[in-house]
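Student: got a predicted structure plus its sequence, pasted below:
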Amino acid sequence: MKGNILIVDDDTAHLSMLQTVLKSLGHTIDSVTDGKEAISGVAETPYDLVLMDVRMANIGGMEALEKIKALNPAIPIIIMTAYSSVDKAVEAMKLGAYDYLTKPLNFDDLKITIERAMSHLHLTRENADLKKRISADTGFSRIIGTSPAMKAVMETARIAAPSDATILMTGDSGTGKELFAKAIHDHSARNKNQLISINCAALNETLLESELFGHEKGAFTSADKKRDGLFLHADKGTIFLDEIGEIPLSMQVKLLRTIQEREIQRVGSDRPIRIDVRIIVATNKNLEQEVKHGRFREDLFYRLNVINIKVPSLKERPDDIPLLAQHFLTRYSQKNRKQFKGFTPAAMDALMKHPWPGNVRELENAVERAVILSMGQYISEKDLPGNMIKIYEPDDASRKFLPGIGGRSLDELESMALAQTLKQTGGNKTEAAKILNITRTTLNNKIKKYHLDLDQILSSHP
Ligand SMILES: Nc1ncnc2c1ncn2[C@@H]1O[C@H](COP(=O)(O)OP(=O)(O)OP(=O)(O)O)[C@@H](O)[C@H]1O
Ligand SMILES: [Mg+2]
C-alpha cells in the first residue's frame, strides 16, 4: 500500500536518506525539519502517515506528537528514537504513537512497520465509512422516534422491506412517508439500483403518462425524440409514486395494467416492455373514502393496498417531540455553525403542546428558523414561530397544571426546578441562573440550601 508520508527529522542527512529509501518504495514524501512545521503540515495536508524523530530542537517530538494527534486522531505516527532512549518511545506510545523504530534504522523493520501502519489506517477509514453509511445516510436509522406507535410502524416497515410487495403509505402531510419509502428501498435487495420518486400531483395527465411510461418520437407535438419513462429507469429498483390519490381515473387504468402485467408501453407505441419494479405509493387522502365517492378505482386500491403502513401524526405521539426537536437542533446548529445545546423548559413546553398540523416537516421548519434567528445556547419560547406561543397565553387554564406537581411542598418544587435546569444546562450555573431569572449568587445559595449535588444531578437520568 502506497501513501503520502511526512518525515520529520532535524538531522538533514538522515532525512534525505529516508526520503530516498521511501520514495524508492513508491511512497510520496514531504519532509520538514522541526516539530512546528510538522504540525502546520498536518493541519494543511491529509497525510497518511508521519515518521518523526523524537529528539529535535524547537518543539520536541513529544509535543508535536500530541498536537498532531489532536489535529488528526486517525493518522498513524511512527517515532524514531536512539536505542539509548527507549523510555522516550514508551512515553510516545502512551501519547498515541502507532509504533516506534530505533536508530540506526533497520530498513526491513522500517518497511514492515510502514506497511502495517498503512493497512491499519486503511481499515480505520473503511470502518468509519461503513459506520457513517449505516448510521447517517441510509435506512431506518434516519427515522427518529421511540414512541410505541412509531416503533410498531417501523417494525412493520422493516419486515416488509426485503419483500417485493407493493406498499401503500398513508398518513398526514409531513409525517415522514417519503422518508419511510427511502428506508424501505435502502433495506431491500433492490438498494443497488435506483429509487425513483415522482409526485403525481405535480403533472397534468399527458405529462404524467409520458413521464411514467416514456414516449415514442412524434407521439405528440412536443415529442421530438424517443424517451424512456421513470418505470424503465426504476427497472430492478423501486418507484415511489407520491400523492397517488391525485391521479385521474384514466391514468389509474394504465397503472393498474402495469401492476398486473408488469409491463409498460411507451406513449405512441403498442410494444409492451417487461419491467421488474417494486412499487411504493403514498397519499394523505383516505383512499377508501375516495373509492366510495367513485374518484379512485376499487381494483387499483386493492392492488396497491397489499401492505398498508400508516405513519402516525405527531399529535398521536407527542413523546417523540423532544427527540425530534433535539435532532433537528443538532443538525441545523451544525449546518449554521451555531452552538445550541437545547431548549428552555418553556420552549419545550410550547413544542409539546402545539398541535403540529404540518407534523414533522413543520417541527423541522420551526427549529431551523429558531436556529437561524436566535443566539445563545438555548432556544427559548420567543424564538419559536408566533402562532405557536399565542395558543398558550396565560389565560389558557390548562397551562397552570403540570403533571406530577400536585401534593408537593413549594421547597420541594423549587429544588426540582433547580435540579432540572442545572441538568439541562450541563451544570453551567450562569446559564441556569439566566433561565430561572435569578442571580448566580441566589442560585448558589439555593444550591446550598437544598444540598444539591451537581455531579449527582449531571449523572442522573432526566
Ligand atoms: N421520524 C422522522 N425522523 C426524522 N425526520 C423526519 C421524520 N419524519 C419526517 N421527517 C422529516 O420531515 C420532513 C417531511 O417528511 P416527508 O417528506 O417524508 O413527509 P411526507 O409524509 O412525505 O409529507 P407529504 O405528505 O407532505 O409529502 C422531511 O424533511 C423528513 O426528513
Ligand atoms: Mg411526501
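Tutor: All right, it came through fine. Residues are numbered from 1 along each chain as shown. Ligands and ions are numbered 1, 2, ... in the order given.

Student: make it CA atoms for all contacts and neighbour counts henceforth
Tutor: OK.

Student: for I280, helix, strand, or coil?
Tutor: strand (DSSP: H, G, I helix; E, B strand; the rest coil).

Student: and it, how many neighbours?
Tutor: For I280, the neighbour count with other CA atoms under 10 Å is 28.

Student: show me the beta-bridge partners of it.
Tutor: On the basis of DSSP bridges, I280 is bridged to I167, F240.

Student: how close does it sit to E209?
Tutor: 18 Å (CA to CA, to the nearest Å).

Student: what about stretch 241-252, near ligand 1?
Tutor: No. Judged by CA under 6 Å from any ligand atom, stretch 241-252 and ligand 1 are separated, with a smallest distance of 7.0 Å.

Student: what lies in contact with that stretch?
Tutor: 178, 197-201, 205, 209, 279-285, 287, 290, 295-297, 300 (CA atoms under 8 Å, 6 or more residues apart in numbering).

Student: mind giving me the ChimeraX select for those residues, buried ones only?
Tutor: Burial among the contacts of stretch 241-252 is assessed by 16 or more other CA atoms under 10 Å; the matching ChimeraX selection reads:
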select :178,197,198,199,200,201,205,209,279,280,281,282,283,284,285,287,295,296,297,300
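
Student: so which of the contacts of stretch 241-252 are in helices?
Tutor: Members of the contacts of stretch 241-252 lying in helices (criterion: DSSP state H): E178, E205, E209, L287, E290, L300.

Student: pick the one among those closest to ligand 1.
Tutor: Proximity of these to ligand 1 (CA to the nearest ligand atom) peaks at E178, which lies at 3.6 Å.

Student: and the pLDDT for the closest one?
Tutor: Looking at E178, its pLDDT reads 95.

Student: so who does it touch?
Tutor: Neighbouring residues of E178 by CA under 8 Å, 6+ apart: D242, A282.

Student: which bits of this structure sit near ligand 1?
Tutor: Contact residues, the chain versus ligand 1 (CA under 6 Å from any ligand atom): 142-145, 172-179, 284, 360-361.

Student: just among these, which is most surrounded?
Tutor: Busiest of those [other CA under 10 Å] is K177, holding 24 neighbours.

Student: spatially nearest residue to that one (excluding sequence neighbours)?
Tutor: Once flanking residues are discounted, K177 sits nearest to M169: 6.1 Å by CA to CA, 6 or more residues apart in numbering.

Student: could I have the CA atoms of the helix or strand where S250 lies written out in CSV?
Tutor: Per DSSP states H and E, S250 falls inside helix 249-261. In CSV, the C-alpha atoms belonging to helix 249-261 read as follows (Å, rounded to 0.1, in the frame of the first residue of the first chain):
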residue,chain,number,x,y,z
LEU,A,249,-59.2,7.8,-13.5
SER,A,250,-57.8,7.2,-17.0
MET,A,251,-54.3,7.0,-15.6
GLN,A,252,-55.5,4.7,-12.9
VAL,A,253,-56.4,2.2,-15.6
LYS,A,254,-53.0,2.3,-17.1
LEU,A,255,-51.3,2.0,-13.7
LEU,A,256,-53.5,-1.0,-12.8
ARG,A,257,-52.5,-2.7,-16.1
THR,A,258,-48.8,-2.0,-15.4
ILE,A,259,-49.1,-3.6,-11.9
GLN,A,260,-50.9,-6.6,-13.1
GLU,A,261,-48.9,-7.3,-16.2
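
Student: in it, which residues are buried?
Tutor: Q252, K254, L255, L256, T258, I259.

Student: for D276, see how far away the fifth one is.
Tutor: The spacing between T258 and D276, counted by CA to CA, is 11 Å.

Student: contacts for stretch 407-427, please.
Tutor: Residues outside stretch 407-427 that contact it (CA under 8 Å, 6+ apart): 341-342, 405, 428-429, 431-432, 435-436, 446-447, 450, 452, 454, 457-458, 462.

Student: helix or strand with the lowest mean pLDDT in this protein?
Tutor: helix 386-390 (a mean of 64; mean pLDDT, DSSP states H and E).

Student: lovely, talk soon.
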